[in-house]
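Structure for the following, please:
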Amino acid sequence: MVDRGKNNIKSLKASYEQICEEILDERRQINENLDRLQQNTIIELESIHERLNNSIEDDTKRCLECISKLKIYGAKLKDNMLPERTFITLQKCIDQTAAADSLIKSMIKNDGTDIKFQPNRELIQCHADCTDLGKIIIGDPQYNVDPNKIVSIEDKSEYNVRTATDKYECSITGICTTSNGDLVIADRYNDCVKLLNQAYKVIDQVQLPTKPWSMCSISSFEMAVAVCQRYADALNGIHFLKVDGGKIIRKQVLKMNHGCYGIAHVDAEVFVTSGTALYEYTMDGRLVKKLYEDSTGQSRGDIYEYIIIFLFSGMLCILCLHINELDKDEFLA
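Residues are numbered from 1 along each chain as shown. I've put the predicted structure just below:
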């Protein structure tokens with residue numbers, strides 16, 4: 001019981017730290033949305049200000065032109081000119097006076113034009129009505145499970161995630177969950193990533209340049225997808241995606257000069273497998289080091305070398321597999 005109590009304390013601390021990180025992620029997402037709203041509002045303000053300012057400057061320029069022309073016509077009328085020249089100048093003066101009068105009326109109508117800011121009351125009220133960023137729920141404690149214990153499935157449910165745009169059967173090679181319960185899945189055969197709501201309905205889908213082989217969570221609403229085309233190295237890389245408002249948003253793409261078959265995220269670093277090697281990268285794509293490479297794995301004949309990385313008890317584990325050509329596609333599917 002003492003050991004169980006110690007394990008419970010460790011588990012409680014781990015869940016506490018995880019929730020703190022999720023709260024920060026939620027705050028960061030709200031800040032990003034507020035920054036986007038602020039930027040959009042400022043862009044609209046600048047557009048309106050520029051349009052009104054240009055209009056005022058144009059009216060002022062036209063007004064000065066009218067005054068200049070009227071002075072010129074007035075000076076000419078004082079000179080001794082032939083009657084027909086005097087008539088023409090007088091007519092121009094009358095026309096210019098009418099144009100100036102019309103311009104003055106327009107300027108008076110728009111005189112004192114001002115711009116005002118009307119806050120989004122719905123947004124303000126929405127924030128005012130909120131009392132927290134989310135609810136803290138006490139769940140059942142997690143106990144250590146005997147790894148040799150036989151696990152039996154009591155029930156299962158199947159859901160169709162194929163969409164109208166899919167050309168082939170779905171092959172799910174990765175799955176992540178968001179903090180609100182939505183699922184993000186990678187479909188290798190259809191070169192895409194799909195977003196499923198809590199009813200397991202596909203609500204959004206984004207195409208990738210080639211096949212997604214693996215996916216891992218980066219934060220509560222962010223994930224990284226390893227894509228690889230064996231015969232088109234230019235397409236190999238890591239795609240960072242984000243779920244926001246029921247949509248999958250592309251954030252960043254890191255190009256790799258090697259295959260990308262597996263991926264894991266640990267302590268702000270990304271670990272990527274090429275098939276025969278394991279690489280450590282920073283989040284901005286800088287290579288930290290090559291952690292492991294099987295120099296004998298040269299895709300010779302019927303043997304392919306694959307390295308699988310996964311998390312276990314907070315530690316990064318590396319599993320090297322030698323897979324027969326006949327079983328390779330079935331394994332990777």
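
Next, work out how far apart Glu222 and Ser152 are.
Here the distance between Glu222 and Ser152 works out to 35 Å (Cβ to Cβ, to the nearest Å). (Each C-beta comes from the backbone N, C-alpha and C, glycine too.)

which of those two has more neighbours?
Here Glu222 and Ser152 are compared on neighbour count by other Cβ atoms under 10 Å; more neighbours surround Glu222, at 20 against 4.

element containing Lys242?
Secondary structure assigned from DSSP states H and E places Lys242 in strand 237-244.

if we look at the helix or strand that comes right after that strand, which residues are touching it?
Proceeding N to C from strand 237-244, the next assigned helix or strand is strand 247-255, under DSSP H and E. Here strand 247-255 makes contact (Cβ atoms under 8 Å, 6 or more residues apart in numbering) with 184, 193, 195, 204-206, 222, 234, 236-243, 281, 284-285.

so what strands line up beside the next helix or strand after strand 247-255?
Moving toward the C-terminus from strand 247-255, the first helix or strand encountered (DSSP H and E) is strand 262-266. For strand 262-266, sheet partners with direction are given as strand 269-273 (antiparallel), following DSSP bridges.

Can I get the partner strand as PDB, trimmed to CA atoms?
Extracted C-alpha coordinates of strand 269-273, given in PDB (Å, rounded to 0.1, in the frame of the first residue of the first chain):
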ATOM      1  CA  GLU A 269      12.600  17.900 -29.700                       C
ATOM      2  CA  VAL A 270      11.400  15.900 -32.600                       C
ATOM      3  CA  PHE A 271      12.700  12.400 -33.300                       C
ATOM      4  CA  VAL A 272      12.400  11.100 -36.900                       C
ATOM      5  CA  THR A 273      13.200   7.700 -38.400                       C
END
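
Please find the angle between the direction vectors of that strand and strand 247-255.
Strand 269-273 and strand 247-255 are oriented at 70 degrees to each other (axes from the mean of the first three to the mean of the last three Cα atoms, to 10 degrees).

State the number of residues packed around the closest residue to Leu70 other than its chain neighbours.
With sequence-adjacent residues excluded and distances taken as Cβ to Cβ, 6 or more residues apart in numbering, Leu70 is closest to Gln96, at 5.7 Å. A count of nearby residues for Gln96, using other Cβ under 10 Å, gives 18.

what sits against Gln96?
The neighbourhood of Gln96, defined by Cβ under 8 Å, 6+ apart, consists of Cys66, Lys69, Leu70, Tyr73.

So for the helix or strand containing it, what gets flagged as buried?
In this structure, Gln96 is located in helix 83-109 according to DSSP H and E. Judged by neighbour count (16 or more other Cβ atoms under 10 Å), helix 83-109 contains these buried residues: Thr89, Cys93, Gln96, Ala100.

ok, which stretches of this structure are helices?
Listed from the start of the chain, the chain has helices (DSSP state H) covering 2-78, 83-109, 121-129, 325-332.

Of all these, which one comes closest to Thr273?
Proximity of those to Thr273 was assessed by Cβ to Cβ; the nearest stretch is helix 325-332, lying at 11.8 Å.

I would like a PyMOL command selecting only the buried ones among the contacts of strand 247-255, please.
The following PyMOL command selects only the buried members of those, with burial defined by 16+ other Cβ under 10 Å:
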select buried, resi 184+193+195+204+205+222+236+237+238+239+240+241+242+243+281
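
can you pull the buried residues of stretch 182-200?
Judged by neighbour count using 16+ other Cβ under 10 Å, the buried positions of stretch 182-200 are 182-188, 190-196.

Between the two ends of that stretch, what distance do you get?
From the first residue to the last, stretch 182-200 extends over 8 Å; the measure is Cα to Cα, to the nearest Å.

Quick check: the most centrally placed residue in the chain vs His239, distance?
Within the chain, the residue whose C-alpha comes closest to the C-alpha centroid is Ile249; the distance, by Cα atoms, centre = their mean, is 3.6 Å. Distance of Ile249 to His239, given as Cβ to Cβ: 11 Å.

One more: Leu278?
With distances defined as Cβ to Cβ, the gap from Leu278 to His239 amounts to 19 Å.

circling back to that earlier point, is the residue nearest to the centre of the chain in a bridge, and if so with what?
Lys242.

Grab the nearest non-local neighbour of Thr163.
Setting aside the residues directly before and after it, Thr163 is nearest to Val202 in space (Cβ to Cβ, 6+ apart), at 5.5 Å.

Bridging across strands, which residues link to the one you found?
Here Val202 sits in beta bridges with Leu196, going by DSSP bridges.

Over to the one 10 residues further on?
In this structure, Pro212 has beta-bridge partners Val227, where bridges are defined by DSSP bridges.
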